[in-house]
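S.K.: Fold the following, please.
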Amino acid sequence: YQMEIPSDTSKSQWKLIKKVARHQWQTNLDEAEYLVKDNSTTNIWLAAAYTEVALWRWNYTQNDQFEAELLQRMQSFEQQCQCIYDKNNPKGAWFGKSLRSDVSLEEQYRRFLVGVVTLAYSELCYTLYHFRKRNVIKGAYHARRSWLYFRESRDLIDKQNHLGHPPNDVRVTGLVNFGVGLFHFGLSLVPPTYVWMTKALGFEADRDNAVVALKQSLDSQGPKSVEAAMLLVVIYQFFLDAEEEALKIVSMLDVDYPNSPVLAYMGAFIKRINGNIDEAISDFQLAIKGIAIEQLRITMHYHLAVTYFMKGEYQQAMPLIELFLEKSTVDQFRPYASYLLGICYWITGVKVPSIVPLFESIKAAVKPDQAYDLHADRKSKEFFHNGNKFSAFEIAWIEASMMHESRKYKSCLAKVKEAKRADADDPAPESHAERQSRILWIKGSCYRGLKKFDKAKNYLHKCLQLEPGVKAERFTMAYSHLDLAEICLEESLLDDALAHLKKAKGYKDYDWANVINLRITSAEQRTQTRRKAAASSSSHHEEK
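M.R.: Next comes the predicted model:
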């Protein structure tokens, strides 16, 4: 390959790549591909963009033909990167090879940095591909290679700075900072038990370093500045108690990428998590209108349906789920969608006979590492065990849990009273502790959300006392400890918070384990953040 490495002053290529990115975030992948295809064999940055378009297309569709195209492009891109790396490697002089005579040493270092950075990105593409395919071992292998190249890039920049000729293209250094920040953040989520393993494999994990690197990547306005912004939103929102900073970045993205369906999609999730259901519905609707990829549009109908379901608008949710189940070509979300549709049918009294075949289809599509799949599978089996019907308690509980997830705590407490009456009338006393654990946990969690901590703690501790008789609904034990940890955080009882989080992590093999683990990690990090802030404040006062 005779790849062109444009000079640092070439602004036209970055304008083109920015234009490609805009098309990608608008899901106009055909237009994005058209802009770079002709020069993808002669310009390494356009080759990277050409490969990324293929990755986006396959990721959204899971289409076999698109997968074959992606693999071919990743292989070609890797070879192009390796060519630049080998041709410009200044380390060759240490092994008896001559440095290049046709360019200056400074220029050789610049070109070598491009080779290292693009190799890091090439390996990152392989990483994403294999993890999406659930090939964990291969994904981890390429993740390590990607990290080592990003680390080499960072060290090379430090060396260039030391030699007095720093790289003067902030977009290239911005890509390096994105990779470094990505790995620092991602690996900081690894449970403490396995940190030794990541260190042994050569990884580094520091969330503070992640924030610094990602900020620098965002400021560079380079090829990964949008992704850096989104990672910062996640860190600020869920790990650093800095929701205002997260919202500032979201507003900035709205200005830079107006009407982007992908960003609207991501914004809708954040708003839904924060209980802004109507705003989330509007963003999902906006995303559906703008998406140019059919499978992604179909999947978006599912997410919009879930949001309507959380609001209790079952008539709105039903046709959206039916469309998703009919037209989606992938298994992802199918079990839980079938479960929600069955509930909609039962509550509205529409197509009740269709629930049985719908629930029978769930088992075949369940993936053992997907929390929502496992929950749908367990609840569909309970439906059959109960004589092909939902109990009054179960329906009241489902509605209450959606209100709780939407942060409508007062409405949830009112609905819980209905569930409690249904529990008293339920003819299955052997399940009383299971039902009571759910009632006590959700009441405690609602009162936590309402900042009535004494009431919350009372119900949560009562829930934990039921542990010996609770098997199927063991999630209530883990969540009770998590809520107690959140209360301790609010009351600045940081050691107590960590103790409850440790207990929450001790529960295994229940439906929502994968979901709660991220919340536990988030709470642990926020606890550590507050502990550092308290220590810093104390030290400051002592100095005074």
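S.K.: So what would you say the end-to-end distance of stretch 468-479 is?
M.R.: The first and final residues of stretch 468-479 sit 16 Å from each other (Cα to Cα, to the nearest Å).
S.K.: Report the separation between the residue nearest the centre of the chain and residue 345.
M.R.: The residue lying closest to the centre of the chain (Cα atoms, centre = their mean) is residue 234, at 8.2 Å. Relative to residue 345, residue 234 is positioned 36 Å away (Cβ to Cβ, to the nearest Å). Any C-beta I mention is one placed from the backbone N, CA and C, and that applies to glycine too.
S.K.: One more: residue 458?
M.R.: Counting by Cβ to Cβ, the gap from residue 458 to residue 345 is 38 Å.
S.K.: okay, the two: which has more neighbours?
M.R.: Each of residue 458 and residue 345 has its neighbours counted (other Cβ atoms under 10 Å); residue 345 has more, 18 against 15.
S.K.: The more buried one sits in which helix or strand?
M.R.: Assigned by DSSP states H and E, residue 345 belongs to helix 334-348.
S.K.: and the angle from whatever helix or strand residue 393 lives in to helix 334-348?
M.R.: Using DSSP H and E, residue 393 sits in helix 392-405. When axes from the mean of the first three to the mean of the last three Cα atoms, to 10 degrees is applied, the directions of helix 392-405 and helix 334-348 differ by 120 degrees.
S.K.: Mean confidence (pLDDT) on the helix or strand just after helix 392-405, please.
M.R.: Next helix or strand after helix 392-405 toward the C-terminus (DSSP H and E): helix 409-425. Across helix 409-425, pLDDT averages out at 91.
S.K.: Which parts of helix 409-425 count as buried, going by neighbours?
M.R.: Neighbour counts over helix 409-425 (16 or more other Cβ atoms under 10 Å) mark 409, 411-413, 415-416, 418-419, 422-423 as buried.
S.K.: Show me the shaky parts of the stretch 201-350 of the chain.
M.R.: Within the stretch 201-350 of the chain, the segments meeting pLDDT under 70 span 201-205.
S.K.: coming back round to it: quick one: contacts of the helix holding residue 393?
M.R.: Residues outside helix 392-405 that contact it (Cβ atoms under 8 Å, 6 or more residues apart in numbering) are 309-312, 343, 346-347, 382, 409, 411-412, 415-416, 418-419, 422-423, 425-426, 435, 438, 442, 445-446, 449.
S.K.: Ok, stretch 26-38 next?
M.R.: 16, 19-21, 23-24, 46-47, 49-50, 53, 56-57, 60, 259-262, 290-293, 296.
S.K.: Tell me the buried residues within those.
M.R.: Looks like those have 16, 20-21, 23-24, 46-47, 49-50, 53, 56-57, 60, 260-262, 290-291, 293, 296 buried, using 16+ other Cβ under 10 Å.
S.K.: What about the residues you listed, which are in strands?
M.R.: Among the buried ones among the contacts of stretch 26-38, no member falls in strands (DSSP state E).
S.K.: okay, the helix or strand the residue nearest to the centre of the chain falls within in CSV with CA atoms only?
M.R.: Counting by DSSP H and E, the element that carries residue 234 is helix 225-238. Output of helix 225-238 as CSV, limited to C-alpha atoms (Å, rounded to 0.1, in the frame of the first residue of the first chain):
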residue,chain,number,x,y,z
SER,A,225,-14.8,14.1,19.9
VAL,A,226,-18.5,13.1,19.8
GLU,A,227,-17.8,9.7,21.4
ALA,A,228,-15.6,11.4,24.0
ALA,A,229,-18.5,13.8,24.8
MET,A,230,-20.9,10.9,25.3
LEU,A,231,-18.5,9.1,27.6
LEU,A,232,-18.1,12.2,29.7
VAL,A,233,-21.9,12.5,29.9
VAL,A,234,-22.0,8.9,31.3
ILE,A,235,-19.2,9.6,33.8
TYR,A,236,-20.7,12.9,35.0
GLN,A,237,-24.2,11.6,35.2
PHE,A,238,-23.6,8.3,36.9
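S.K.: centre of the chain versus it, how much separation?
M.R.: Distance, stretch centre to chain centre, for helix 225-238: 10 Å (Cα atoms, centre = their mean, to the nearest Å).
S.K.: Show me the helices in the stretch 201-350 of the chain, by range?
M.R.: Under the criterion DSSP state H, counting those that start in this stretch, the stretch 201-350 of the chain contains helices at 207-220, 225-238, 243-256, 261-273, 277-290, 294-311, 314-327, 334-348.
S.K.: Tell me if residue 167 really is in a helix.
M.R.: No: the assignment for residue 167, made by DSSP: H, G, I helix; E, B strand; the rest coil, is coil rather than a helix.
S.K.: what's the nearest residue to residue 507 if we skip its chain neighbours?
M.R.: residue 478 (4.2 Å; Cβ to Cβ, 6 or more residues apart in numbering).
S.K.: Ok, residue 498 next?
M.R.: Counting by Cβ to Cβ, 6+ apart, the nearest residue to residue 498 once its immediate chain neighbours are dropped is residue 527, at 5.8 Å.
S.K.: Mind checking what secondary structure the one you found has?
M.R.: From three-state DSSP, the assignment for residue 527 is helix.
S.K.: could you check the distance from it over to residue 332?
M.R.: 33 Å.
S.K.: Helix or strand next in line after the stretch of helix or strand the residue nearest to residue 507 belongs to, which one?
M.R.: Per DSSP H and E, residue 478 falls inside helix 475-490. Next along the chain after helix 475-490, taking DSSP H and E as the criterion, comes helix 494-505.
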